[in-house]
Every structure is written in structure tokens, then in C-alpha cells.
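# need a 3D model of the following:
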Amino acid sequence: MSHRIHDLPEEDRPRERLLRLGAGVLTDAELLAIFINTGTKGENAIQVAQRLLREVGTLRQLSRTSPAELAASRALGPAKAAHLAAAFELGKRAEREWVKETPLNAPELIYRYLAAEMQCLGHESVRVLLVNTRLHLLRDEEVFRGSVNESVAHPREILQRAIVHKAYGFAIAHNHPSGDPRPSEADKVFTKKLREGAEILGLTFLDHLIIGLPAEGRGQPYFSFRESGML
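Below you'll find the predicted structure:
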């Protein structure tokens with residue numbers, strides 16, 4: 001393969017193929033190559049993209065890689081890393097557009113909104129979704145990030161954010177990096193304290209979701225405290 005995409009026949013260049021045939025016919029590497037734009041010494045943009053995918057593993061894992069990590073890789077510098085990070089972020093935002101007009105009144109909707117971003121994280125993350133009286137999303141904030149051995153955020157932090165932003169209520173979600181969404185005893189205690197605090201403050205506690213990974217024989221890849229009668 002040529003070291004420059006412009007040396008390829010026009011019908012083999014990713015950008016020209018996309019314009020002629022549509023984005024759906026391109027491989028993952030070809031789509032990435034359009035954003036990478038130029039290659040490195042000895043590799044064209046397609047080859048750089050192919051190597052990135054080999055090194056990272058999957059397109060999903062690549063989308064989870066921070067811009068700083070991308071920029072530090074042998075394949076990319078800051079400009080190319082920024083292009084890729086922006087493309088992935090636009091894709092995530094487009095996928096979540098529906099939430100603006102949809103009440104978050106069911107656990108599967110909360111899961112749908114958060115799963116793509118929270119699944120496969122190597123660290124634990126706790127998110128709070130603040131809602132208005134129509135249960136439409138007001139704010140989405142991460143309130144805790146840490147290793148799998150650290151304790152989760154204190155209920156006070158979540159309740160304070162709901163009060164500050166004048167929310168009608170909230171839902172919270174956190175991931176289990178192990179992929180198993182079953183609640184621990186600490187999860188149950190945390191949820192109980194949060195429910196008690198919400199009742200005192202007159203806030204509606206919609207749900208607490210634990211997000212795991214799909215697995216054969218496991219059932220749904222999330223656990224809902226509301227759905228399970230524990231909230």
C-alpha cells in the first residue's frame with residue numbers, strides 16, 4: 001500500500017469513496033483515516049488507523065481513550081488526537097439527542113442514555129441526572145471517579161447539587177468495572193441513605209442504576225433499585 005493516500009487510485013481513497021457510495025460502505029479504519037487525514041513516516045492515514053485499532057482493540061475502546069493518551073501514541077499527535085476526540089464526542093451527543101424531549105421515567109431509558117459512555121470504564125464513575133417536574137433532563141454530572149476499591153460519593157454531594165440547581169428530582173447511576181451489575185452491600189447502604197436524605201428535602205429519587213456489561217445468562221446488563229423494589 002502506498003505511503004500517501006493521494007497516491008492511491010481515486011476510487012480507493014476513503015473520502016472519495018464516502019462521497020460516491022456513502023459512509024456505510026467504509027471500514028472502521030477508512031472512516032478513522034478521514035479524520036486522521038495525513039499519515040506518519042512510512043504509513044498513510046489508513047495504515048495509521050489500522051494500527052490504532054490493532055493496538056487499542058476495538059472502535060469502542062478507541063472512543064474511550066482520552067485525547068491525551070491518543071496524542072501520546074506513536075500514531076498521532078495533538079491535532080489528530082483532537083480530531084478523533086471531537087468526532088467521537090459528536091457521535092455520543094447525536095446518540096443522546098432523544099433525551100432532551102423524553103421523560104426519564106423508566107430504568108431502561110436511563111440505561112440507554114448512559115450505557116454507551118459508562119460501560120467498559122476501567123474505573124468506577126458515579127453520575128447524577130437532575131430532572132425537572134416533567135422528568136426531563138436538566139443536568140448530567142459526574143460526582144465521583146475512582147478505582148474499584150474506593151468508596152462511592154457521599155449522598156450529601158448529590159443532594160446538594162439537586163438543591164443548587166433547583167431540580168425536582170434526580171436519578172443516579174454508577175458502573176461496576178467487573179461488568180456484574182448486582183449491588184453490593186455498600187451500594188444498598190448508600191441508596192438507603194440517599195433515599196432518606198431525598199425524602200427529608202422533598203426531592204424525588206427516581207432510581208439508582210448499576211451499569212454492567214451484557215453477558216450470557218446474566219439477564220439485563222443493569223440493575224435498577226426501583227425495578228427491584230428496593231427504592
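# any idea how far Pro183 is from Lys192?
Counting by C-beta to C-beta, to the nearest Å, the separation of Lys192 from Pro183 is 11 Å. Heads up, the C-betas are built off the backbone N, CA and C, glycines and all.
# compare those two (neighbour count), which wins?
Just comparing Lys192 and Pro183: by other C-beta atoms under 10 Å the higher neighbour count belongs to Pro183, 18 against 14.
# now the longest strand belonging to the chain: buried residues?
Counting by DSSP state E, the longest strand found in the chain is strand 137-146. Buried residues in strand 137-146, defined by neighbour count with 16 or more other C-beta atoms under 10 Å: 137-138, 143-144.
# and stretch 102-118, by the same measure?
By 16+ other C-beta under 10 Å, the buried positions in stretch 102-118 come out as 102, 104, 106-107, 109-115, 117-118.
# what packs against the helix or strand in which Leu209 is found?
Using DSSP states H and E, Leu209 sits within strand 204-211. Where contact means 3 or more C-beta pairs under 8 Å, 6 or more residues apart in numbering; DSSP states H and E, strand 204-211 is packed against helix 107-118, strand 124-131, strand 169-175, helix 185-201, strand 222-224.
# swap in 10 Å and give it another go.
helix 107-118, strand 124-131, helix 155-164, strand 169-175, helix 185-201, strand 222-224 (3 or more C-beta pairs under 10 Å, 6 or more residues apart in numbering; DSSP states H and E).
# now for the nearest residue to Val56 once chain neighbours are set aside: which residues touch it?
Spatial nearest neighbour of Val56, chain neighbours left out: Leu62 (4.6 Å); criterion: C-beta to C-beta, 6 or more residues apart in numbering. Shown in contact with Leu62 (C-beta atoms under 10 Å, 6 or more residues apart in numbering): 28, 32, 49, 52-53, 55-56, 70, 84, 88.
# where does Leu62 sit: helix, strand or coil?
With DSSP: H, G, I helix; E, B strand; the rest coil as the basis, Leu62 sits in helix.
# so where's this structure shaky on pLDDT?
Applying pLDDT under 70 to the chain flags residues 1-4, 74-75, 147-152.
# right, and the helices and strands packed on strand 204-211 - which one's nearest Ile210?
For Ile210, the closest of these is strand 222-224, at 4.3 Å, according to C-beta to C-beta.
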